[in-house]
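# Got a sequence here, can you model it:
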Amino acid sequence: MVGTLLSAAVATGAAQAAPSSAAPRYEPAMVAALAHSLGVSKDAAAARLDDQAAQQRTLTALRRSGVVTDGAYFTRDGNLTVNVHSAAAAAQVRESGLAARVPQRGERALDRIKASLDAKALRNAPDGVSSWSVDLRRDTVTVHVTPGLTSAAAKSFLKAATSHGSAVRVVRDGPRLVPQAVVYPGSRMTWSNSDGSWLCSVGYGAHDSSGRQYLVSAGHCVADLTDLYHNNAHFAKGVSSRFSEGHQSVDMGVARVDSDDSIATQVGTWGHGASVAVKGSRRAASGASLCKSGQTTGWTCGAVGSYNVTVTYSGENGGPNTVVTGLASSSVCTQGGDSGGAYISGNQAQGMTSGGPSGQQCTGGTNSTGSSYFQPLDDALSYYGLTLNTN
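Prediction:
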């Protein structure tokens, strides 16, 4: 198989538009989607992306100069706010042109609270507690609970959570979450096991120090370490996964790509313009704009939510629940079969679809209202000692 496909994909496919010879600074579909969601012109949307990138470069420079920060996030108006713990540091941040805040708690303190909740959940998966994560903007750990689900483990978890007082915010709106692979008779990325045939979306290509090529994917898409197929043709075989249903998991995994195949260094946009060239994997800050390519819902866009999110995935067909750590949340809409698909912000690869609300329908096209969770790519590359293939 040769050529390119949808989500940084393998082989040929009608969803993949041919890359232009003079690629624009940002993929037009991403700019158009952002312009629509913000109610501004395309020029203003592109300027916002430029501004967000510039602010993140300024933050990097501040940290390198010795300014100690404790988290940063974009506000809804596109401005980056930096947490610090002294008036002197706040003054340095403001002198650089960024907004500063001295929070009551900050990212490190909230991370410690979340880690204690992770430890409790990993002993006994709290069915009915959808997710919990650090919310930098609100300066809390936010816990989402499914209304009406009152398992003993969930009650115990909530008791531990609320013992932290105002540092933990409980929201009773959480849908049941599931990993987004679905049974389907052949499609973009398929494999078979004793339970039938399954479907995911292709993620990013990377290589090790010897040049061996790998597919970086959601762990549950390669958990069985089986042969992987695209359009009924073999292109890779799973070699490692950190996902195991019913056990403490991280949703990352890799597959060895066949020597005669390759994974493109562009993300397909499913008819919404030219493919997006992958230039790197610099992590976008909370609140940054991003889009996702996946075989079920195509090209959908939104914003980064939080990092270091822990979720409880409900078991399929009565199977055991699985607590997954280390995810990122987003307002990007996804559905079953999008798992493993590629998230990208500007030209920086961000991660692969992990899961989302069960039964969610992305009926609004690119700007569908919804939510999802993704496995950050930089964490997966670091864990497996791989280097992203870039354009």
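# Kindly check the end-to-end length of stretch 208-215 for me.
Separation of the first and last residues of stretch 208-215 by Cα to Cα, to the nearest Å is 11 Å.
# ok, now stretch 351-362?
So stretch 351-362: terminal residues 20 Å apart, Cα to Cα.
# Tell me how far that stretch lies from the chain's centre.
A distance of 10 Å separates the centroid of the chain from that of stretch 351-362, by Cα atoms, centre = their mean, to the nearest Å.
# try stretch 205-220
For stretch 205-220, the distance to the chain centre is 17 Å (Cα atoms, centre = their mean).
# Next, the buried residues of that stretch.
G205, A206, Q213, Y214, L215, V216, S217, A218, G219, H220 (16 or more other Cβ atoms under 10 Å). No exception for glycine: its C-beta is placed from N, CA and C like everyone else's.
# Look up the residues forming beta bridges with A233.
H230 (DSSP bridges).
# That one: how many residues sit nearby?
By other Cβ atoms under 10 Å, 11 other residues sit near A233.
# follow-up on the earlier one: any chance of CSV for the buried residues of stretch 205-220, columns distance to A47 and secondary structure?
Shown next, in CSV, are the buried residues of stretch 205-220 (distance: Cβ to Cβ, whole Å; DSSP: H, G, I helix; E, B strand; the rest coil):
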residue, distance to A47, secondary structure
G205, 31, strand
A206, 32, strand
Q213, 37, strand
Y214, 37, strand
L215, 35, strand
V216, 32, strand
S217, 34, strand
A218, 34, coil
G219, 38, helix
H220, 39, helix
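# Which is the succeeding secondary structure element to the worst-scoring helix or strand of the chain on mean pLDDT?
Within the chain, judged by mean pLDDT, DSSP states H and E, the helix or strand with the poorest mean is strand 182-183; its value is a mean of 36. Downstream of strand 182-183, the first helix or strand assigned by DSSP states H and E is strand 189-193.
# Now do that next one against strand 213-217, angle only.
Interaxial angle, strand 189-193 versus strand 213-217 (axes from the mean of the first three to the mean of the last three Cα atoms, to 10 degrees): 80 degrees.
# Dump the helix or strand following strand 189-193 to PDB, restricted to CA.
With elements assigned by DSSP H and E, the helix or strand that comes after strand 189-193 is strand 196-200. Extracted C-alpha coordinates of strand 196-200, given in PDB (Å, rounded to 0.1, in the frame of the first residue of the first chain):
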ATOM      1  CA  GLY A 196     -15.600 -10.200  16.600                       C
ATOM      2  CA  SER A 197     -14.300  -7.500  14.300                       C
ATOM      3  CA  TRP A 198     -13.500  -4.100  15.700                       C
ATOM      4  CA  LEU A 199     -12.800  -0.600  14.300                       C
ATOM      5  CA  CYS A 200     -10.700   2.400  15.300                       C
END
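# tell me the SS of L381?
Here L381 takes the helix state, with states given by DSSP: H, G, I helix; E, B strand; the rest coil.
# What residues does it make contact with?
Counting by Cβ atoms under 8 Å, 6 or more residues apart in numbering, L381 makes contact with A206, V216, S281, T387, L388.
# what do you get for A153?
A153 neighbours (Cβ under 8 Å, 6+ apart): N124, A125, P126, D127.
# can you pull out the helices in this structure?
Ranges of helices within the chain are 28-38, 42-64, 87-95, 107-123, 152-162, 377-384, based on DSSP state H.
# need the contacts of A153 in TSV with pLDDT and neighbour count, can you?
Compiled in TSV, those are given as follows (pLDDT from 0 to 100; neighbours: other Cβ atoms under 10 Å):
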residue	pLDDT	neighbour count
N124	86	15
A125	84	24
P126	89	27
D127	85	20
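# now, which of those residues sits nearest S331?
P126 (24.0 Å; Cβ to Cβ).
# any weak-confidence spans in the stretch 51-200 of the chain?
149-150, 174, 179-187, 193-196 (pLDDT under 70).
# would you list the contacts of A153 in CSV and tack on distance to V143?
Converted to CSV, those look like this (distance: Cβ to Cβ, whole Å):
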residue, distance to V143
N124, 16
A125, 14
P126, 10
D127, 14
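# Quick check: the farthest pair among these?
N124 and D127 (9.4 Å).
# Contacts only, for Q104.
D139.
# any idea how far S41 is from it?
Q104 sits at a distance of 38 Å from S41 (criterion: Cβ to Cβ, to the nearest Å).
# Would you confirm that R108 contacts D70?
Yes - the criterion here is Cβ atoms under 8 Å, and R108 meets it with D70 at 5.7 Å.
# Which one's more surrounded, the two?
D70 (20 against 12).
# Identify the residue spatially nearest to the more buried one, adjacent ones excluded.
Excluding the flanking residues, the one nearest D70 by Cβ to Cβ, 6 or more residues apart in numbering is G106, at 3.8 Å.
# quick one: contacts for the one you found?
Per Cβ under 8 Å, 6+ apart, neighbours of G106: D70, G71, N83, H85, D139.
# that older thread, which two of the contacts of L381 have the greatest separation?
The widest separation within these (Cβ to Cβ) is 10.6 Å, between V216 and T387.
# and the chain, what are its domains?
For the chain, automatic domain parsing gives the domain ranges 28-101, 178-388.
# most neighbours per residue, which of those?
domain 178-388 (a mean of 22; mean count of other Cβ atoms under 10 Å).
# number of nearby residues for D173?
Neighbour tally, D173, other Cβ under 10 Å: 9.
# Tell me how far the closest residue to it other than its chain neighbours lies from T310.
Spatial nearest neighbour of D173, chain neighbours left out: H144 (6.3 Å); criterion: Cβ to Cβ, 6+ apart. According to Cβ to Cβ, H144 stands 11 Å off from T310.
# Would you mind grabbing the residues shared as contacts by these two?
With Cβ under 8 Å, 6+ apart as the test, H144 and T310 both reach S131, W132.
# okay, V254: pLDDT?
What the model reports as pLDDT for V254 is 97.
# gap between A264 and G71?
From A264 to G71 the distance is 34 Å (Cβ to Cβ).
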